[in-house]
Every structure is written in structure tokens, then in C-alpha cells.
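[1] sequence plus predicted model, see below.
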Amino acid sequence: MSLLTEETGHPVDFVLHPTDLSQAGLSAFHHALAIAIHRGAQFTLLHAAGRWSTDSWDDFPGVRETLARWREFGTTTSLEEKMRRSSVSKIEVETRDPIAACNQYIERHQVDMLVLATEGRSGLSRLAGAPGAEKLARESRLFTLFVPSAGRAFVSGETGEVTLRRILIPMDPETDPRPAMLRAVRTAALLDDTSLEITLLHVGEGEGASVTDVPQLPFCRWNAIQRQGDVAEQILALADEMTADAIFMSTSWQKPGIGRAKGGVTEAVLSRVACPVAVVPVDV
């Protein structure tokens, strides 16, 4: 499998992070910022506020102060050149429909990746709530990282350290797994840590996942596991057992199976997962 030479997926040069400025979205903010500076990418924070909203940027950590803290820990020492290439912008839109505001922004800009919190306040700033986040990812069909407000994280908000050493990739026999595999490898390759373990999970009967046709990379070890039972339950259980830093899923939001439009495996995983989930849209 010529995974590293596949044309699937664009490089991540523009990261969009919609935020409701709540504490529930802090972990997602840290992940979005860390990914942007590791990529040397453009980074935009978009806040959709109602007319009578009392949300304030002053109550939310600033990019500069966060990066200054990470510099003190020495986390960004090797990233100074990439950070100089990065640009940061804050956008505030007065609207009652934050999802529409995000879609309009995406239509006008070449966004490559969304980073979304999966919990947050309700009301006019409800974008961080899981249903809204999933709807935005489904409608935009962008590579999306969902970050739970509590649970495991692969970016430390305090130090900026990125720890992405154990990745779980569910294998749906009807969905091409290569986009998720490619994104996982590319994401990990950006990091200074050269130790990576990727576990392929097949749930069900028939031929399971195999590591015989995956790329042999010096920094990556591949595992393959087959299990029986409910697909979402098995994904969640294995993620906890292996203490996964992230789950990468190739997903079609338009068909039954992983990532179907309503009540699918992706939604079930996102509703209960304890680690970030990277959803990679694929065509059917």
C-alpha cells in the first residue's frame, strides 16, 4: 500500500476553530493551536455570538499568552520558524445560527481542518455541543478533530507538549481506511516524538484487519485486532484498554455503517469517547 504517496487529503495549511469562549472548549483550543504551529498554518478562531451575548474574549486564554507559556517550558523551541509562518486571526460574527456562520466562513476561505469541542454551553453559543459539531463536520465534509472537554488529550494546555503515541483506527469493510491511516501517519510525522503505535480494529466476522500491507515506517509499529460485538462499543472499549491518545476514523456521513447520517457508529463514539477523534470524510 503506497500510503504515504496517496493523493487523499490536502495538507493542513488552514485550521479553523469555532469557539463559544467557554471553559469546556479549552482543550479543543489547545489542540487547534498546537496543530497550527506544528504545521506553520493559518489559524482562525471564530466566535458566533448573539446580539445580547455577554461572551468576552478577555475571559478566554489568548494565543500570545498561551504560546508565551509554552515557550517557557521549551516546548516550541524547534518550532520558531514554523510559528513565524503561522498567522492568527479572531473573527466574531453576530448571528443566531453559529453553524451557518461557520459554513459561510468555510465557503469563503480554503479551510483544511476543523477542530471542534464536543461539549459546551447551550443557547446562542451552542456550537460546541456535540450535535452541532457533528452537523458542521457533516455539512462541511472537512477533516475534523473532535476534542472532548474532559478525558484524555494529546496536547497539554499547560506546557504545549504533544503526546501522540497510540492511535486507534477502526476498519469498516465498506469504507476505505486509507484516508484515516494517511492522516494518522502525517499527523504523527509532524511531531518530535518518533515512537508511534497504530492499532487497526476490525469488528465482525470475515477477514479482519491485517498489517501485511501497511507501510513499514521507522517510527511506527502496527497492530491488528479483531473482535466481535457492537462496533461502537468495541471501539470505545479498546480505546480505553490501550489508553489511545486519539482515534482516526474514515467516515462517510451519507450511508449506513461508520458515520451514517443519523445514529451511526461515528456519532455513538463521539457521544461517549474519552479521547480526541479525528474524522476523515470519504466518498462512497
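    Perfect, I can see it now. Since this is a predicted model, take the numbers as computed values, not measurements.
[2] and T44, what element?
    Secondary structure from DSSP states H and E places T44 in strand 42-49.
[3] show me what the next helix or strand after that strand is in contact with.
    Downstream of strand 42-49, the first helix or strand assigned by DSSP H and E is helix 63-72. Where contact means Cβ atoms under 8 Å, 6 or more residues apart in numbering, the residues beyond helix 63-72 that reach it are 30, 33, 37, 43, 45, 76-77, 83, 88, 157-160. All C-beta atoms are positioned from the backbone trio N, CA, C, and that covers glycine.
[4] redo that, cut-off 6 Å
    76, 88, 160 (Cβ atoms under 6 Å, 6 or more residues apart in numbering).
[5] the second one contacts F43, correct?
    Yes: counting by Cβ atoms under 6 Å, F43 is a contact partner of V88 at 5.0 Å.
[6] neighbour-wise, which of these two wins?
    Under the criterion of other Cβ atoms under 10 Å, the comparison of V88 against F43 puts F43 first, with 21 against 16.
[7] so the residue nearest to that one when sequence neighbours are not counted versus Q216, what's the distance?
    Of all residues not flanking F43 in the chain, A36 sits nearest, at 3.7 Å (Cβ to Cβ, 6 or more residues apart in numbering). Remark: distance between A36 and Q216 (Cβ to Cβ, to the nearest Å) = 30 Å.
[8] show me what the helix or strand harbouring A101 is packed against.
    Following DSSP H and E, one finds A101 within helix 98-108. Applying 3 or more Cβ pairs under 6 Å, 6 or more residues apart in numbering; DSSP states H and E, one finds that helix 98-108 contacts strand 42-49, helix 130-140.
[9] buried residues in that helix?
    98-99, 101-102, 105-106 (16 or more other Cβ atoms under 10 Å).
[10] so how far is whatever helix or strand comes next after that helix from its chain's centroid?
    Counting by DSSP H and E, the element after helix 98-108 in chain order, helix or strand, is strand 113-117. Strand 113-117 sits 6 Å away from the centroid of its parent chain (Cα atoms, centre = their mean, to the nearest Å).
[11] could you do stretch 86-106 as well?
    The chain centre lies 18 Å from the centre of stretch 86-106; the measure is Cα atoms, centre = their mean.
[12] residues near D13, how many?
    For D13, the count of nearby residues is 16 (other Cβ under 10 Å).
[13] equivalent analysis for R272, please.
    Neighbours around R272, by other Cβ under 10 Å: 13.
[14] swap in W253?
    So W253, with other Cβ under 10 Å, has 22 neighbours.
[15] run through the bridge partners of Q42.
    Note on Q42: beta-bridge partners by DSSP bridges are F14, S87.
[16] per-residue confidence for it?
    pLDDT recorded at Q42 is 96.
[17] surely it and V88 touch.
    No: here Q42 does not reach V88: they are 8.0 Å apart, not a contact under Cβ under 6 Å.
[18] show me the contact partners of the lowest-mean-pLDDT helix or strand in the chain.
    Lowest mean confidence among the helices and strands of the chain (mean pLDDT, DSSP states H and E): helix 130-140, at a mean of 83. Contacts with helix 130-140, where a contact means Cβ under 6 Å, 6+ apart, come from 99, 102, 106, 116, 118, 126, 144, 253, 270, 279.
[19] list just the nearest of those residues to T19.
    L116 (9.2 Å; Cβ to Cβ).
[20] tell me what the closest one is bridged to.
    In this structure, L116 bridges to F146 when assessed by DSSP bridges.
[21] before we move on, the earlier item: quick check: angle from the helix holding A101 to helix 130-140?
    30 degrees (axes from the mean of the first three to the mean of the last three Cα atoms, to 10 degrees).
[22] contacts for helix 98-108, please.
    Residues contacting helix 98-108 (Cβ under 6 Å, 6+ apart): 18, 46, 48, 93, 95, 127, 132, 135-136, 140.
[23] can you rerun that using 8 Å?
    16, 18, 20, 44, 46, 48, 91, 93, 95, 111, 124-127, 132, 135-136, 139-140, 142.
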